[in-house]
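Visitor: The following comprises the amino acid sequence and a computationally predicted model.
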Amino acid sequence: MIDYNEGQLILIDKPYGKTSFQAVKHVKYNAKVKKVGHAGTLDPLATGLLIICTGKWTKKITDLQLQEKEYTGTFVLGATRPSFDMETEIDQTFDFSGITETEIKNATDQFTGIITQTPPIYSAVKVDGKRAYESARAGEEIVIKSKQVEVSIFEITDVRLPEIDFRIVCSKGTYIRSIANDFGKALNNGAYLSALRRTRIGEYKVEDALDFDRFKNSVIQAI
């Protein structure tokens, strides 16, 4: 029998549309565990690996959060959205017909290594004690400070304009949505993130993770 209250590290494959908090709640309810937390938020519109810790494993959350992350996903060229992803409507469009695949692949060089980026206003970053997305949704003007992050790998895996598939390996705190927006600017165009999947955190891989139903069934079988 697995003792979740004693402490377990659980790999969850978070589905599209669910928040990281809902994933934690799912584990807490089904495993009947008191102490539980996750090691790195995934946006509701993103899928993939979420590490959830229970019991004594919650002490390792900070160390787990510092591990490098790997993502795959898709940018859409030729338009921008205020949230830098699919949460908000398109606010500007651009002609991307003259952009070549070579230019797209060369643009990744600007986003490899130590880079400076500004988190989206539709993010959980706190500004004056309030979550940025709360102010953004209320129509309030906010200014978010830029920060340095590290991108060790940024490769274009497929180009079928206006869509561009990518793989990125980066440090804690990197906003892939911001990379999407800045990538469009680097091409004198616009871009937003249409799909994102976290495939790895440190040594932990999404292939070893359980979806909501499989986790629930694993708990039942373990009792």
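Guide: On my side now, so go ahead. Residues are numbered from 1 along each chain as shown.
Visitor: What values do phi and psi take at the nearest residue to residue 92 once chain neighbours are set aside?
Guide: For residue 92, ignoring the flanking residues on the chain, the nearest one in space by Cβ to Cβ, 6 or more residues apart in numbering is residue 80 at 4.8 Å. To be clear about C-beta, it is placed using only N, CA and C from the backbone, and glycine gets the same treatment. Residue 80 has phi and psi values of phi -130, psi 160 when expressed as degrees, to the nearest 10.
Visitor: The residue nearest to residue 126 when sequence neighbours are not counted and residue 26, how far apart?
Guide: Distances taken as Cβ to Cβ, 6+ apart put residue 132 closest to residue 126, at 7.2 Å, once the chain neighbours are dropped. Going from residue 132 to residue 26 by Cβ to Cβ, to the nearest Å gives 26 Å.
Visitor: And the two? Which one has more around it.
Guide: residue 132 (21 against 18; other Cβ atoms under 10 Å).
Visitor: Need the phi and psi values for the most centrally placed residue in the chain.
Guide: Here the mean C-alpha position of the chain is nearest to the C-alpha of residue 42 (Cα atoms, centre = their mean), at a distance of 4.7 Å. The phi/psi pair for residue 42 (degrees, to the nearest 10) reads phi -120, psi 130.
Visitor: got a list of what it touches?
Guide: Listed by Cβ atoms under 8 Å, 6 or more residues apart in numbering, the contact partners of residue 42 are 14, 20, 48, 50, 198.
Visitor: could you dump these to TSV with secondary structure, distance to residue 69 and neighbour count?
Guide: Output for the contacts of residue 42, formatted as TSV (DSSP: H, G, I helix; E, B strand; the rest coil; distance: Cβ to Cβ, whole Å; neighbours: other Cβ atoms under 10 Å):
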residue	secondary structure	distance to residue 69	neighbour count
14	strand	14	28
20	helix	14	21
48	strand	10	23
50	strand	11	25
198	strand	6	24
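Visitor: of all these, which comes closest to residue 31?
Guide: Using Cβ to Cβ, residue 50 is the member of the contacts of residue 42 that lies nearest residue 31, at 14.7 Å.
Visitor: How is this protein divided into domains?
Guide: Split into domains by automatic domain parsing, the chain comes to 9-66+203-222, 69-201.
Visitor: can you redo those as a markdown table with mean pLDDT?
Guide: Listed next are these as a markdown table, based on pLDDT from 0 to 100:
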| stretch | mean pLDDT |
| --- | --- |
| domain 9-66+203-222 | 94 |
| domain 69-201 | 93 |
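Visitor: Quick check: the residue nearest to residue 92 vs residue 59, distance?
Guide: Going from residue 80 to residue 59 by Cβ to Cβ gives 42 Å.
Visitor: what's in contact with the top strand by length along the chain?
Guide: The longest strand of the chain (DSSP state E) is strand 147-160. Outside of strand 147-160, the residues within contact range by Cβ under 8 Å, 6+ apart are 68, 70, 72, 101, 104-105, 108, 111-119, 164-175, 179.
Visitor: 7 Å instead, please
Guide: For strand 147-160, the external contacting residues (Cβ atoms under 7 Å, 6 or more residues apart in numbering) are 68, 101, 104-105, 108, 111-117, 164-171, 173-174.
Visitor: quick one, helices of the protein?
Guide: 20-31, 61-65, 101-107, 132-137, 176-186, 212-222 (DSSP state H).
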